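Undergrad: Could you work out the structure for the sequence below:
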Amino acid sequence: MCTKYIMKPVIFAAALLILLTGAGCNKEKISGRAKEDDLQNAPGSNIRLYNLSGADMSVVINNTVLTSQFAGGIETPTPTLIGRKLFPQGLWKKRAAFTIPTTLLDKSGRAYISIPGYFPGTRLDQQVRITFSDTSLQNDPLVPEDYYLLPSAKLVKFPRNSTPPSNPQNFKLRIVNLGSAESAFGLTGPVTATYADGSPVDRLQHIAPGASSDYVELPYGAYQFKMFAEDGGMVNYQKQLCTEDMQPAFNPCVPAVDLPQQGYMPQVATFKPGGVYTLLVLTGTFVYDNDCTFIKDVRYANIYQTVADLDPGINFSYARMNAVNTIPGRKITISVDGKTMGGPLEYIGETFTARALPAEYHTFVQGEHVVQVKDEGGNVVSESSIRLFPFDNYTVWAHAAADGKIKLVFTANDMTNTRYRTWDDPEDDHTDGDMRRIRFQYVWQSRFMNFCNTQPYITFTNNGQLFLPAFMHPDSLRPFQAYQLMQPGVVPVKNGSIFYFLPNILTYRPDGAPAQHNSEAHLFPRKIWVNAAGNPPALPGSLLTDIAPLTSERTFFANEGMYRPGTLKPPAENGIYTVALVGGAANQPAKLIAIKHNK
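TA: Model prediction:
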């Protein structure tokens, strides 16, 4: 027999009351401040802020102190975990950006932001202290927005497009012009973005101050975008904007003379497939040492920088290749998996004249690919396979070997201006390869190749002399195997390129004359020749005077119109090149050619 126990309603209510009372005693108090959530688990909102004020700032959002110190050293508050994650240096550094985490928003999706610091001023030539008061920013889950904090203590808002490009092989790019009307050197008004050769980028032209352009889609790859102010709606090559780590031309000893702002060479940068970027025009501060009065001159000028609106992360899919025909007197077609690379290719010795030819690239998915060479009748005369990895960049050379057979040669192009150093660092435990990589921001980089069968060993020279070495870290920027004793169709195993370090440097003597332009300008070859090493080979060998040299001032300048005659200019434009000796047949004398790999 089962016994049933039935709790009467009064007893049940009393028991429930005791439970609730006990739970209430143990209940944690909830603070009005944001929870100390780890930012790695906190998604970002659609609100991103850029500090263009010209000074480091403090930040408080919805009463949550985010910086570990206040600008001006007035107070050192205790930062939150979120603040330490967002601002590890303790302040919102100038030119830095951050995205407000959703954990900092209130229930309505708002962020009340205050900056208890000091601003440089509302005018470029003044120092006015302004405290930025509470401002409400509304998060829109459907519309990403950027807020730019200006020296005038104003927040300027522009919508941000976080939608990837329609073609995953492309990237998107726009201009936001926040330049000041008081910029020095006449760098004011509308701006236009160009490629390295000064040709405007479609739809990134005539962008007025306070405005932004539409996004344009471009094939991913290495670019050297330049920015120019306009005159009467036309690009003025003498009004070129610098990037932040460059410096406009100014002679503090003769400040009344306006120097042309031209000939600057920005860094070559690779824009990722699927990425979204902004070329942001803003105001920079430049300090010049005055050798005449020993008082520093300060100028405020419009500059530009690249901002990633959407970083697609690591490229796991795409690689690029271009094709070159080095077979004299023959027109061929090079295809990859049956897809032609640019149609019938003429012999490059007939195509090349004086200026480096731009490489015509094609994008491929990573993996194994079959490359074929077909003659004019459509017959396959050579075939090879290559395994492409993401971000690979190759030139495919069709080369007639000494036995008359067509051979495919693949050369990898380093688009990062990186050297892999060979010397040991005492702190290097050989577990991280990044410690051995050295990246040079402003360099002329070139690979050298021999496709001339009548010359078994050649050495490329500077007017018959070896390229003078330069040691950094302490590896040579011009390794011997990259240009000496080159055999036909043979690719150097490692460090196959040479570098010349050509930063944007221009200083002046007290008499007003320019004193220096580039640190290695005096070493750069004005003419590149070919020397026959002989057999057995010797260095540098005999100068081949019947092969016309490459003249640097013609070959390595994409557009002479970008430089005013009679002014000091670099010996060559920064970029990634290949110099090769081709031809050598009875009716096709050997010829030096050059290819430029960045746009």
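Undergrad: use CA for all of it now, contacts and neighbours both
TA: Noted.
Undergrad: Go ahead and confirm Ala55 touches Ile115.
TA: No. Applying C-alpha atoms under 8 Å, one finds Ala55 not in contact with Ile115, separated by 11.8 Å.
Undergrad: Just list whatever residues bridge to the spatially closest residue to Leu357 that is not a sequence neighbour.
TA: Ranked by C-alpha to C-alpha, 6 or more residues apart in numbering and with sequence neighbours excluded, the top spatial neighbour of Leu357 is Ile595, at 4.7 Å. Note on Ile595: beta-bridge partners by DSSP bridges are Leu357, Thr578.
Undergrad: Count the neighbours of Ile595 for me.
TA: When neighbours are defined as other C-alpha atoms under 10 Å, Ile595 has 23 of them.
Undergrad: Quick check, it in contact with Thr578.
TA: Yes. In this structure, Ile595 is within contact of Thr578 by C-alpha under 8 Å, at 5.1 Å.
Undergrad: can you give me the strands in the stretch 201-350 of the chain?
TA: In the stretch 201-350 of the chain, the strands defined using DSSP state E, counting those that start in this stretch lie at 216-219, 221-223, 226-231, 234-240, 269-271, 276-288, 297-310, 318-325, 333-336, 339-340.
Undergrad: just checking, Ala398 is part of a strand?
TA: Yes. Under DSSP: H, G, I helix; E, B strand; the rest coil, Ala398 falls within a strand.
Undergrad: out of Ala55 and Ile115, which sits in the busier spot?
TA: Legend: neighbour count by other C-alpha under 10 Å for Ala55 and Ile115, higher for Ile115 (21 against 18).
Undergrad: From Tyr148, how far out is the more buried one?
TA: 14 Å (C-alpha to C-alpha, to the nearest Å).
Undergrad: Repeat that for Leu477.
TA: As judged by C-alpha to C-alpha, Leu477 and Tyr148 stand 40 Å apart.
Undergrad: Also Ser317?
TA: Going from Ser317 to Tyr148 by C-alpha to C-alpha gives 34 Å.
Undergrad: any idea of the pLDDT on His473?
TA: Per-residue pLDDT puts His473 at 63.
Undergrad: next one: the one 3 residues further on
TA: You'll see Ser476 listed with a pLDDT of 81.
Undergrad: Does it touch Phe467 like I think?
TA: No. Look at Ser476 against Phe467 with C-alpha under 8 Å: they stay out of range, at 11.0 Å.
Undergrad: Which stretches in this protein count as helices?
TA: Secondary structure of the chain by DSSP state H: the helices cover 9-25, 81-86, 348-351, 552-555.
Undergrad: Send me the third one as CSV with only the CA atoms.
TA: Extracted C-alpha coordinates of helix 348-351, given in CSV (Å, rounded to 0.1, in the frame of the first residue of the first chain):
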residue,chain,number,x,y,z
ILE,A,348,59.0,40.7,-75.7
GLY,A,349,62.2,41.9,-77.4
GLU,A,350,59.9,43.5,-80.0
THR,A,351,57.4,44.8,-77.5
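Undergrad: any idea how far Phe501 lies from Pro144?
TA: 40 Å.
Undergrad: repeat for Thr67
TA: Taking C-alpha to C-alpha, one finds Thr67 at 24 Å from Pro144.
Undergrad: and what of Ser384?
TA: According to C-alpha to C-alpha, Ser384 stands 47 Å off from Pro144.
Undergrad: Per the annotation, how does the protein divide into domains?
TA: 39-158, 162-310, 318-596 (automatic domain parsing).
Undergrad: so which of those is the most packed in?
TA: domain 162-310 (a mean of 20; mean count of other C-alpha atoms under 10 Å).
Undergrad: centre of the chain versus it, how much separation?
TA: Domain 162-310 has its C-alpha centroid displaced from the chain centroid by 13 Å (C-alpha atoms, centre = their mean, to the nearest Å).
Undergrad: Next, the contact list for the spatially most central residue of the chain, please.
TA: Centroid check for the chain by C-alpha atoms, centre = their mean gives Ala269 as the closest residue, at 2.4 Å. The neighbours of Ala269, taking C-alpha atoms under 8 Å, 6 or more residues apart in numbering as the test, are 222-224, 416.
Undergrad: Likewise for Leu523?
TA: Residues counted as contacts of Leu523 (C-alpha under 8 Å, 6+ apart) are 467-468.
Undergrad: Repeat that for the one 5 residues further on.
TA: Contacts here follow C-alpha under 8 Å, 6+ apart; on that basis Ile528 touches 460-463, 549-552.
Undergrad: bridging residues for it?
TA: Here Ile528 sits in beta bridges with Asn462, Leu550, going by DSSP bridges.
Undergrad: Which pLDDT value goes with the residue nearest to Ala196 when sequence neighbours are not counted?
TA: Among residues not flanking Ala196 along the chain, Gln224 sits closest, at 5.3 Å (C-alpha to C-alpha, 6+ apart). What the model reports for Gln224 is a pLDDT of 97.
Undergrad: residues contacting Gln224?
TA: 195-196, 265-269, 598-599.
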